[in-house]
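**Q** give me a 3D structure for the following:
(2 chains)
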Amino acid sequence: MLHAIFAANTAAETVNPLIPAPYDMIWSGVVFAVILVFFWKKILPNVSALLEARAAAIEGNIEKADVAQREAEVVLAQYTAQLAEARAEAGKIRDIARVDGQKIVVDAKDVAASEASRITATAHAQIEAERQSALVSLRGEVGSLALDLAAGVIGQALSDDAKSKALVDSFIADLESSEKAAK
Amino acid sequence: MLEAPNQEIALLVNAVTSLVAASSEGGGFNGPSINEFFPPAIFFAGTLFEMNRIVLIRFLLAAVMILLFWLGTRNMRLIPTKGQSLVEMALDVVRVNIAEDLLGKKDGKRFLPLLTAIFFTVLAFNLPGIVPGLNIAGSSTFGFPLVLAVISYGAFIYAGLKKHPGTFLKSSLFPTGVPWPIYFIVTPIEFFSIFILRPITLALRLLMNMVAGHLLLVLCFSATDFFFFSASLGGADWARFFGLGTFAFGFIFTAFEILVSVLQAYVFTLLTTVYIQLALAEEH
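**A** Numbers count the residues shown, from 1 in each chain, chains lettered A, B, ... in the order given. So this is what the prediction gives:
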């Protein structure tokens, strides 16, 4: 039936498309063999190597990221610890400084107080010395004055030193006793 | 199944014949003929290695395909460029969607070169049917589909014999769980369907799709040419408008042929994979 139609249509020659020509099969086979070998030996090994490399790269990157994260966490912990340490140290230093400062203030106060008392003592001593020297000089002057006065009063020179000295001493002793009594 | 494509082509040719008959008085209309699939020899005429247009088209397409894949995979990078992504996507159609899905990782890898070669060869040989200047599919003469079907046939028988040596033929022909008298019916059917029908349907499906596609396109475009430019319409100039319709059909069928090309490549590869899978999975 089919054959008849083809025959009718192609009056010149009758060809049945379902009978393959040998050359058709031979060249098809050759071309397909070339393509098969090309894919088998060249393209697919390349592609599968690439896919493996890509998978490895992805896994490697994930691992790398994990390592980096762990490292970052360690560094963060270290940093936090250092920060806390530094804070503690700063607090310690502040405390020490405060204590030192107080000590300095106290020391300074002590020094000032002792200096003041020393100055006061010196002043006292000086005053006492001056009083003594004044007393000594007064004693001499008052003695001669009194002698002059007494000589004048009694009209007689008290040439006798021993007598005059005793007189003056008794006078001064009287003066002192009267002074004390006045006090 | 065996009859359907034949009927289809018979109908087509019939229609063409009547068209030619109707217009032959006017002259000028050249309908498609089956002779287009048997162009004159160009090299080595008369020998076993005769080459005609279709054989040369196959060489050309194979070279183009090898060149494209070679260029696309020459500098493979972990982070793909645009071209490399395209090539990888194309290869993944076979690797992921066909081989690994049906056969699993291990067997998928074993048969991947064969399946990839089948898919891309069929695709490359189907497409020139719509390439201007080539205008005929490399898979539209019986030699190529037949060779591929025989390879596919050999592949699934090899897979079965390798995996289940000794039991493959028996378990294919005598499925378990069937009462023994039924074997009188089942075994011939199984034999016929597995060992005869499978390669024939594989080859015929591809061949007839491409033959019918080519005839349709030739019919549409030669009719368009006839309506537009033939001087022999004999006063019926209004009929030239039919050319618009036939041209539109040519347009539609060109797009349709792209779909058919990809689909037939996919179906051929998928069926080969399914046959291999069935042969491997034989557990009786």
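**Q** which residue is the nearest non-sequential neighbour of whichever residue of chain A sits closest to chain B?
**A** Closest to chain B within chain A is A:Asp24: 2.6 Å, counting by CB to the nearest CB. (C-beta placed from N, C-alpha, C; glycine too.) Nearest non-adjacent residue to A:Asp24, counting by CB to CB, 6 or more residues apart in numbering or on different chains: B:Gly143, 2.6 Å away.
**Q** the one you found and A:Ser28 touch, don't they?
**A** Yes - contact criterion CB atoms under 8 Å: B:Gly143 and A:Ser28 qualify, at 4.7 Å.
**Q** which of the two has more neighbours?
**A** A:Ser28 (27 against 24; other CB atoms under 10 Å in any protein chain shown).
**Q** and the residue nearest to A:Asp24, what does it touch?
**A** Residues near B:Gly143 by CB atoms under 8 Å, 6 or more residues apart in numbering or on different chains: A:20-21, A:23-28.
**Q** how about a cut-off of 6 Å?
**A** Going by CB atoms under 6 Å, 6 or more residues apart in numbering or on different chains, B:Gly143 touches A:20, A:24-25, A:28.
**Q** same check on B:Leu270?
**A** So B:Leu270 contacts B:Ile98 (CB under 6 Å, 6+ apart).
**Q** from B:Arg205, how far off is it?
**A** 12 Å (CB to CB, to the nearest Å).
**Q** and what of B:Leu123?
**A** On the measure of CB to CB, B:Leu123 and B:Arg205 end up 15 Å apart.
**Q** roughly how far does B:Phe44 sit from chain A?
**A** 8 Å (CB to the nearest CB, to the nearest Å).
**Q** need the pLDDT of the residue of the stretch 1-150 of chain B found nearest chain A.
**A** Going by CB to the nearest CB, chain A is nearest to B:Gly143 of the stretch 1-150 of chain B, at 2.6 Å. Listed pLDDT for B:Gly143 reads 91.
**Q** quick check: nearest residue in space to A:Leu44, chain neighbours excluded?
**A** B:Pro113 is the one closest to A:Leu44 (CB to CB, 6+ apart), at 5.5 Å.
**Q** could you give the separation of stretch A:21-34 from the chain centroid?
**A** Taking CA atoms, centre = their mean, to the nearest Å, one finds stretch A:21-34 lying 88 Å from the centre of the chain it belongs to.
**Q** identify each buried residue in it, please.
**A** A:21, A:23-32, A:34 (16 or more other CB atoms under 10 Å in any protein chain shown).
**Q** can you list contacts of that stretch?
**A** B:48-50, B:55, B:58, B:62, B:121, B:141, B:143-144, B:147.
**Q** from those, which land in helices?
**A** B:55, B:58, B:62, B:121, B:143-144, B:147 (DSSP state H).
**Q** quick check: of those residues, which has the highest neighbour count?
**A** B:Phe144 (30 neighbours).
**Q** and it, how close does it get to B:Phe249?
**A** 27 Å.
**Q** also B:Asn35?
**A** 23 Å.
**Q** one more: B:Glu100?
**A** 40 Å.
**Q** swap in B:Phe59?
**A** 32 Å.
**Q** who has more neighbours, the two?
**A** B:Phe249 (18 against 15).
**Q** which ones are touching that one?
**A** B:Cys220.
**Q** wait, is it part of a helix?
**A** Yes - counting by DSSP: H, G, I helix; E, B strand; the rest coil, B:Phe249 is located in a helix.
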